[in-house]
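A.B. asks: From the sequence below, what's the structure:
(one chain, ligands or ions: 1)
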Amino acid sequence: MLFPEGVAIDGKTGEVTPSTSRYSKKLSDLRGFFHDPKALESKIAQEGDATVYEVIDYRHEESDLAFGTTIMWPGKVGEEYYLTRGHFHVRRECGEAYYTQSGAGLLLLESREGETRTVDMKPGVCTFIPPDWAHRSINTGPEKLIFTWFCATDAGHEYGEIQKRGMRKLVIDQDGKSVLADNPNYAG
Ligand SMILES: [Fe+2]
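C.D. replies: Predicted coordinates for the structure are as follows:
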């Protein structure tokens, strides 16, 4: 039986207390997701296998609702900002909400029909992610990007499609500004 409890979410560090699980992704885990593999390998060789993001969950399989935080480090691979893998939900009817608490970023979304949208991620903004839109978070700022997400516990993550074909758009640094560009490697 589950009991109610208060869960502390630190908007500056992203820590969730208590949490039920966590994982992190390093540069080497994101091979195939950045558009410039040479830039990725030379970054790992020169600077080491840095953490790109960490996800902390508060999740009980017996409940329909789960939440947690994602903490994204600032950085770039070549001119492309640090990103999350990006996914659709296995259960296509499941949307999600992302509430940004610190930092600055961009949520890149792509519908099944191939439409692209972006939403600025900044403190105080809660992004509505409609069902069946792929979503990828991108840290375009100089600080950590921290957001809290709320999702159906059994929504499921489908990473394979984005990994295989990429997203249609990239977010790159052009003279200090974040710009949406066509993905030259898009294989859809
Ligand atoms: Fe999601």
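
A.B. asks: Who are the contact partners of residue 82?
C.D. replies: 52-53, 72-76, 138-139 (Cβ atoms under 8 Å, 6 or more residues apart in numbering). Quick note: C-beta positions are derived from backbone N, CA and C, even for glycine.

A.B. asks: 7 Å instead, please
C.D. replies: Contact analysis of residue 82 by Cβ atoms under 7 Å, 6 or more residues apart in numbering lists 52, 72-76, 139.

A.B. asks: count of neighbours near residue 43?
C.D. replies: Look at residue 43: counted by other Cβ atoms under 10 Å, it has 19 neighbours.

A.B. asks: and it, what pLDDT?
C.D. replies: For residue 43, the pLDDT comes out at 98.

A.B. asks: Same check on residue 188?
C.D. replies: Residue 188 is given a pLDDT of 83.

A.B. asks: what do you get for residue 97?
C.D. replies: For residue 97, the predicted pLDDT is 98.

A.B. asks: same for the helix or strand harbouring it, what does it pack against?
C.D. replies: According to DSSP states H and E, residue 97 maps onto strand 96-102. Using 3 or more Cβ pairs under 7 Å, 6 or more residues apart in numbering; DSSP states H and E as the contact criterion, the elements in contact with strand 96-102 are strand 126-129, strand 145-152.

A.B. asks: Check which residues of whatever helix or strand comes next after that strand are buried.
C.D. replies: Moving toward the C-terminus from strand 96-102, the next helix or strand (DSSP H and E) is strand 105-111. Buried residues in strand 105-111, counted by 16 or more other Cβ atoms under 10 Å: 105-110.

A.B. asks: Tell me the helices and strands packed up against strand 105-111.
C.D. replies: With contacts defined as 3+ Cβ pairs under 7 Å, 6+ apart, strand 105-111 has these neighbours: strand 116-121, strand 133-139, strand 169-174.
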